[in-house]
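# Turn this into a model:
(chains A and B)
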Amino acid sequence: MTTSRRCVLLTAIACACAATTEPAIAHPHVWVTMKSEIVYAPDGSVKAVRHAWQFDDLFSAFATQGLDATKKGEFTRQELAPLAQVNVDSLKEFDYFTFATADGKKVPFVEPVGYYLNYDPKQTVLTLHFTLPFKDPVIAKDLRIDVYDQTWFVDFGFAKNTPVTLVGAPAACKLSVVRPAQMDSTMMLRLNQLPADAQVDPSMFLGNQFANKIGVKCP
Amino acid sequence: MTPVFTGRRTIAITAFVLVAVAITLLAMMTEHASAQGSPFGGPRPGPSTLPASGIAGWILAKQSEFYRQFSGLIRAAKSDGSAALSLMGLSFLYGIFHAAGPGHGKAVISSYLVANGETWRRGVALSFASALLQAIVAVALVGIAAALLNLTASRMNTAVNAIESVSYALIVAVGLRLMWVKGRAFVVALRCAREPASEVGAAVTHRCDHHHHHDDYHAHSHAADRRCEGAHSHHSHECDHASAWGHAHAPEPKELAGPGGWRRGLSAIVAVGLRPCSGAILVLVFALAQGLFWVGVGSAFMMGLGTFLTVAAIATIAVGASTWAKHIATARSGFGMLAMRGVEVAAASLITGFGVLLLGGYVASERMIGF
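Numbers count the residues shown, from 1 in each chain, chains lettered A, B, ... in the order given. From the prediction side, this is the model:
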C-alpha cells in the first residue's frame, strides 16, 4: 500500500471517530397539547396570547414527583404554584416558544401574567396556563403567531378541537390554524433526500415551517 | 517504565498536546455555539444543533414513537400482563435506537478503544458493563430518591447533575491520561520516522526497528528488551515504550477477563455508564406513580440491553477499522507508524475535548427536564 493510500485510510478513520462524537439532540422529552386564545381590546387591537399547555403524562408524573398534596394523587392550584413559577421563569430564555409577526414585522411580548398550573387527576396530566401580553397593542392586517421549539426538546401540537379562539376580535377577522407537518412522513422524506454528510440547518426541517401556525387576517 | 525526558522532548509533547486540544475544541465549538437552560426549569444545557443525516432523523422519529407508547403500556400493565411484555420489548427497541442516536457514550467508548488499541472482545465487554451500570444508576436513583425519600423532581435533577459532572470529569481524566501516554508514543514514532538518516548510532536504530514486531504485541517486550540490551540507558526507555504500542497499560489479551483487565477499563465504564438516561428516569418515575415500580425497573434494564447492542456494534466497527489500519501500517514502519500514533492521539484528544465540552455545558448528551 502506498503512503498516500494509507494516509487516506487513516484520515477516514479519524473522520469516523470524529463523526461519532457529533453531538445531536435527543428525541422530545416533553409533549405539549395546546389551546390558545388571541385576546383583543375593545379598540380592535390585539392585547395578548393566552396559552393552555397540557403536558404528557410521563412528564407530568416527573414534574409532580415528591410534591406535597393534601389529597393523594391530586394537586391544587396553590400546591402547584411554586412549580408554575419555575415553569414561567425558565420559559423566558426560550421566548415562551411563541413568535409573533404583524404584517411581516416581529412583535415582542413582555413577561407573562396570570399563570397557574392545573392537575387533572383522571388523566394524571398538568396544564400550564399563562397569558403573554404584547409589549404594545398590535393592530395588523396579517397577524401570525408560531409556536415551536426548534431544538425539538418539547414537541408542541394543537389540541384536536378548537385549538385557537379569537376573544373579542372584530367580526371581519378571519382565523387560520396550520398544524405542523408530521415528523414521520414529510420530514423524513426531506431528510432522506439529503446527502448523508450534510449539515442540516435546523430551520430546514424543524424550524418554523414545522411550527404550529396561527394566522389572523383582518381587512 | 518511567522515561527520562529531555527538555526538547517535553516541549515537543506539550506543544503537541496543546495543539491537539485546541483543534478539537475549535472544531467542536464552531458547531455548537451556546449553552442553554431547560425550558420548564432545571439547569441542563441543550445543544441547538440537529442530527446531520436522514438516518439520524429517522432514528429520532422512531425513538419518540416508542417513547410515546410507554405510559399507555405501563397503565395497561396494571391489569394486563401482556402489556408488561410489550413494554419490555419496546424498551429494548428504544434502547437500540436511543444509543444509535445522540449521546456521548458510544463516542467515548469507541475513541477509547481506538486510542488504546483494544480488542473487539474488550469493546463488547466495555459496552455491556457501561450499559448495565447506566441502568443500575437510573434504578438506584429513582428507587432511593423518589421511592424511598420521596424527593421532588428538582432534587432529583440536582442529583443527576452532580452524577453527570462526575461522569464528565472522568471522561476528561480518561482522555488526558490517554493523551499523555499516546503523546509520548507519538513523539517516539516521530523520531523514528525521520531517524535513520539524521541520527547516528546503533542504539538509535534499535529503538525503531523492532516496530516490525508489533503485530503480536505481547511478544514485543521480550523482543524489545533483548534488542535494546546494549543501548544506553535513556535509549532503552524509548525502546520500552515504543515497543509497547503506546498502550496505556500494555494489555495482554489473555488477561481480558482477569481482574487486571477489568480494572483497566473501569474508568471508561464508569465515565460512560454513570450518567443515567433521562428517558429511563422518566419511565421509572411514571411507573412509580402508577404503583408499578418493578415494571419500570424491567423497562430500564431492557433499555440498557438495547443500548449495549448498539454501542457494542459501533465499538466493533471502530476496533475493526483501527485493527485493519494498524495491520497496514505495520507493513512498514516510519510514516505508517507515525500515522497510527497520530490517530491514537487524535482519538485520545477527542475524548478529552468531548469531556471538556460536556463539562462546560457546551454540549449535552441529553437535556434533563426539571424544576
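
# When you work out contacts or count neighbours from here on, use the C-alpha atoms and nothing else.
Will do.

# is the longest helix seen in chain B anywhere near chain A?
For chain B, the longest helix by residue count, based on DSSP state H, is helix B:153-198. Yes. Helix B:153-198 lies within reach of chain A by C-alpha under 8 Å from any C-alpha of the partner chain, at residue B:153.

# Please tell me I have it right and residue B:277 contacts residue B:137.
No. The pair residue B:277 / residue B:137 is not scored as a contact, 9.2 Å apart, by C-alpha atoms under 8 Å.

# Tell me which of those two has more neighbours.
Neighbours were counted for residue B:277 and for residue B:137 using other C-alpha atoms under 10 Å in any protein chain shown; residue B:277 has more, 24 against 21.

# for stretch A:77-84, which positions count as buried?
For stretch A:77-84, burial by neighbour count (16 or more other C-alpha atoms under 10 Å in any protein chain shown) applies to A:79-80, A:83-84.

# any chance of those residues in a markdown table, plus distance to residue A:106 and pLDDT?
Below are these laid out as a markdown table (distance: C-alpha to C-alpha, whole Å; pLDDT from 0 to 100):
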| residue | distance to residue A:106 | pLDDT |
| --- | --- | --- |
| A:79 | 37 | 94 |
| A:80 | 33 | 94 |
| A:83 | 30 | 92 |
| A:84 | 27 | 93 |
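
# Give me the subset of those lying in strands.
Using DSSP state E, no member of the buried residues of stretch A:77-84 falls within strands.

# between the residues you listed, which is nearest chain B?
The closest of these to chain B turns out to be residue A:83 (C-alpha to the nearest C-alpha; 7.0 Å).

# residue ranges with poor pLDDT in the stretch 51-200 of chain B?
Applying pLDDT under 70 to the stretch 51-200 of chain B flags residues B:51-54, B:56, B:101-103, B:193-200.

# what is the mean pLDDT for the longest strand seen in chain A?
Criterion DSSP E: the longest strand present in chain A is strand A:125-138. Strand A:125-138 shows a mean pLDDT of 95.

# Restricting to C-alpha, output it in CSV.
The C-alpha atoms that make up strand A:125-138 are tabulated as CSV, following Å, rounded to 0.1, in the frame of the first residue of the first chain:
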residue,chain,number,x,y,z
VAL,A,125,-51.7,15.5,33.5
LEU,A,126,-50.6,19.0,34.2
THR,A,127,-51.8,22.0,32.3
LEU,A,128,-49.9,25.3,32.3
HIS,A,129,-52.0,28.4,31.8
PHE,A,130,-50.4,31.7,31.1
THR,A,131,-51.1,35.0,29.3
LEU,A,132,-48.4,36.5,27.2
PRO,A,133,-49.1,40.3,26.6
PHE,A,134,-47.8,42.1,23.6
LYS,A,135,-45.4,44.9,24.5
ASP,A,136,-47.6,47.3,22.7
PRO,A,137,-51.1,46.5,21.4
VAL,A,138,-50.9,45.2,17.9
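
# contacting residues around that strand?
In this structure, residues lying in contact with strand A:125-138 by C-alpha atoms under 8 Å, 6 or more residues apart in numbering or on different chains are A:45-57, A:60-61, A:84, A:102, A:107-120.

# Please list which of the residues you listed also come close to chain B.
Restricting the contacts of strand A:125-138 to contacts with chain B (C-alpha under 8 Å from any C-alpha) yields A:57, A:61.

# of the contacts of strand A:125-138, buried ones?
Neighbour-count burial (16+ other C-alpha under 10 Å) is assigned, among these, to A:45-57, A:60-61, A:84, A:102, A:107-109, A:111-112, A:115-119.

# Which of those residues fall within helices?
Judged by DSSP H, those include A:57, A:60-61, A:84 as members of helices.

# Determine which two of those residues are furthest apart.
A:57 and A:84 (16.7 Å; C-alpha to C-alpha).

# Point out where chain A drops to low pLDDT.
Within chain A, the ranges that satisfy pLDDT under 70 run A:1-26, A:181-210.

# Closest residue of the stretch 101-250 of chain B to chain A?
Using C-alpha to the nearest C-alpha, the single residue of the stretch 101-250 of chain B nearest to chain A is residue B:152, 4.1 Å away.

# My understanding was that that residue contacts residue A:83; is that so?
No. The criterion here is C-alpha under 8 Å, and residue B:152 misses it with residue A:83 at 10.7 Å.

# about what we covered before: specify which member of the ones in helices among the buried ones among the contacts of strand A:125-138 is nearest to residue B:62.
residue A:57 (19.4 Å).

# so how far is the first residue of stretch B:268-277 from its last?
17 Å (C-alpha to C-alpha, to the nearest Å).

# meant to ask about stretch A:89-97
For stretch A:89-97, the first-to-last residue distance is 13 Å (C-alpha to C-alpha).

# on that earlier part again, want to throw the buried residues of stretch A:77-84 into TSV with distance to residue A:39?
Shown next, in TSV, are those (distance: C-alpha to C-alpha, whole Å):
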residue	distance to residue A:39
A:79	28
A:80	25
A:83	25
A:84	22
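
# now residue 110, nearest residue through space, not along the chain?
This is for chain A. Excluding the flanking residues, the one nearest residue A:110 by C-alpha to C-alpha, 6 or more residues apart in numbering or on different chains is residue A:135, at 5.3 Å.

# let's do chain B instead
Leaving aside its chain neighbours, residue B:110 sits nearest to residue B:315 (5.0 Å; criterion: C-alpha to C-alpha, 6+ apart).

# wait, that neighbour sits on residue B:112?
No. Counting by C-alpha under 8 Å, residue B:315 sits too far from residue B:112 to count as a contact (9.4 Å).

# gap between residue A:176 and residue A:218?
12 Å.

# Please apply the same query to residue A:109.
With distances taken as C-alpha to C-alpha, residue A:109 is found 21 Å from residue A:218.
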